[in-house]
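**Student:** the following comprises the amino acid sequence and a computationally predicted model.
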Amino acid sequence: MLAFQILIDGFAVSALYALGATGFTLIFGVSGVLNLSHGAIMVLAAVAAWAAASMLHTGTYTGALIGVAVALVAAFATYFAVVQPIQKSRRIPNEEKEIFVLTGTLLWGIMIQELIAYFFTNNAKTVLPIVDGVVDLLGVRTPKNEIFTAVVCCLVIGLLWLLVNRTRTGKAVLAASMNPRGVTLLGLELTNIYVVVWAIYGVLAGIAGVLLGMFLGVSSYSVGPLTASAFSIVVLGGLGSVSGSLIAAFVVGYLETLTAYLISPAYRTIPALLLLVIVMYIRPQGLLGRRRG
């Protein structure tokens with residue numbers, strides 16, 4: 001029974017991580033940005049959905065949409081207020097811009113975290129689930145919301161695949177991830193592609209954050225672990241490799257679930273971080289290597 005419960009819970013957690021990490025990876029693959037405010041944006045989406053449904057009485061569906069919209073706005077704010085000014089600055093040497101972007105997004109994430117704590121306290125918030133009730137799976141009582149979470153994550157990732165591989169905009173994004181200079185030579189504006197990528201990221205992070213709030217609940221303390229998990233997934237999968245991140249998300253998700261069940265939820269992120277250290281020594285390029293051209 002316990003093994004099957006771990007299998008179900010691990011799949012739902014892994015799917016959530018895969019959804020969030022896909023956007024995280026997409027941004028790096030296209031623009032070379034590691035957004036360390038990722039966890040803060042996910043938590044912000046969940047808290048916004050909770051506040052809209054619980055305090056403003058908008059209803060569960062509307063609250064979820066508000067949460068995703070807030071994440072989208074936060075993603076654009078991250079790009080236009082933090083990332084783009086650094087990338088375009090003439091005062092910062094090109095070789096130092098990456099570390100400035102890392103520092104800038106980290107501080108931006110801390111600011112969001114502190115604002116959440118100030119306005120909504122550090123107490124955990126659980127977003128009202130869209131699907132109520134439980135279902136019996138091989139003798140294991142499983143919340144329908146958990147199954148709903150896994151299904152939605154898989155569907156959204158599938159839609160993203162179709163967008164990237166079957167639409168003109170998606171193919172431009174894919175081309176930019178492989179050869180940014182070549183895309184510029186073809187007459188496409190990289191800035192427009194970056195905006196599209198950040199929009200996709202904001203929607204993915206928002207959906208993942210709202211679903212996480214429904215499934216496990218969040219607080220301002222969740223920001224650090226969520227960012228650490230996303231970073232671990234992206235590095236394990238291979239910086240810029242979306243397929244590698246999907247595989248790594250399930251590795252990290254099941255590691256965390258096993259740790260939570262067999263040891264303690266307080267230590268759930270430690271095994272994944274230890275695995276990250278090992279992989280960095282043995283295979284620095286990650287599971288599927290780098291895809292940036």
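**Tutor:** Yes, it's here.

**Student:** so where is the stretch 101-250 of the chain shaky, pLDDT-wise?
**Tutor:** Applying pLDDT under 70 to the stretch 101-250 of the chain picks out residues 179-187.

**Student:** could you point out the longest helix in the chain?
**Tutor:** Secondary structure of the chain per DSSP state H: the longest helix is helix 2-31.

**Student:** that one - contacts with which helices or strands?
**Tutor:** Under the contact criterion of 3 or more C-beta pairs under 8 Å, 6 or more residues apart in numbering; DSSP states H and E, helix 2-31 touches helix 38-54, strand 140-143, helix 144-166, helix 168-178, helix 190-215, helix 223-237, helix 242-262. The way it works is simple: take the backbone N, C-alpha and C, and place the C-beta from them, glycine included.

**Student:** would TSV of the ones you listed with mean neighbour count and distance to V82 be doable?
**Tutor:** Putting the helices and strands packed on helix 2-31 into TSV (neighbours: other C-beta atoms under 10 Å; distance: least, C-beta to C-beta, whole Å) gives the following:
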stretch	mean neighbour count	distance to V82
helix 38-54	27	12
strand 140-143	15	37
helix 144-166	16	24
helix 168-178	17	20
helix 190-215	24	11
helix 223-237	24	15
helix 242-262	22	23
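
**Student:** distance to K97 added to those, as CSV?
**Tutor:** Shown next, in CSV, are those (distance: least, C-beta to C-beta, whole Å):
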stretch, distance to K97
helix 38-54, 19
strand 140-143, 45
helix 144-166, 26
helix 168-178, 18
helix 190-215, 14
helix 223-237, 19
helix 242-262, 24
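
**Student:** could you tell me the angle between the longest helix of the chain and helix 223-237?
**Tutor:** Calculated by axes from the mean of the first three to the mean of the last three C-alpha atoms, to 10 degrees, helix 2-31 forms an angle of 80 degrees with helix 223-237.

**Student:** and helix 2-31 with helix 168-178, angle?
**Tutor:** Using the same axes, to 10 degrees, helix 2-31 lies at 80 degrees relative to helix 168-178.

**Student:** my guess is F11 contacts T149, does it?
**Tutor:** No. Counting by C-beta atoms under 8 Å, F11 does not reach T149; the two are 9.7 Å apart.

**Student:** Three-state assignment for P129, please.
**Tutor:** Taking DSSP: H, G, I helix; E, B strand; the rest coil as the rule, one finds P129 in the coil state.

**Student:** who touches it in this structure?
**Tutor:** By C-beta atoms under 8 Å, 6 or more residues apart in numbering, the contact set of P129 is 60, 143, 145, 148, 214.

**Student:** with T169 instead?
**Tutor:** With C-beta under 8 Å, 6+ apart, T169 has these contacts: 163, 196.

**Student:** for the helix or strand where V68 lies, name the packing helices and strands.
**Tutor:** Per DSSP states H and E: V68 is located in helix 60-77. Under the contact criterion of 3+ C-beta pairs under 8 Å, 6+ apart, helix 60-77 touches helix 38-54, helix 190-215.

**Student:** now distance to N94 too, for those, in JSON lines please.
**Tutor:** Formatted as JSON lines, the helices and strands packed on helix 60-77 follow (distance: least, C-beta to C-beta, whole Å):
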{"stretch": "helix 38-54", "distance to N94": "24"}
{"stretch": "helix 190-215", "distance to N94": "15"}
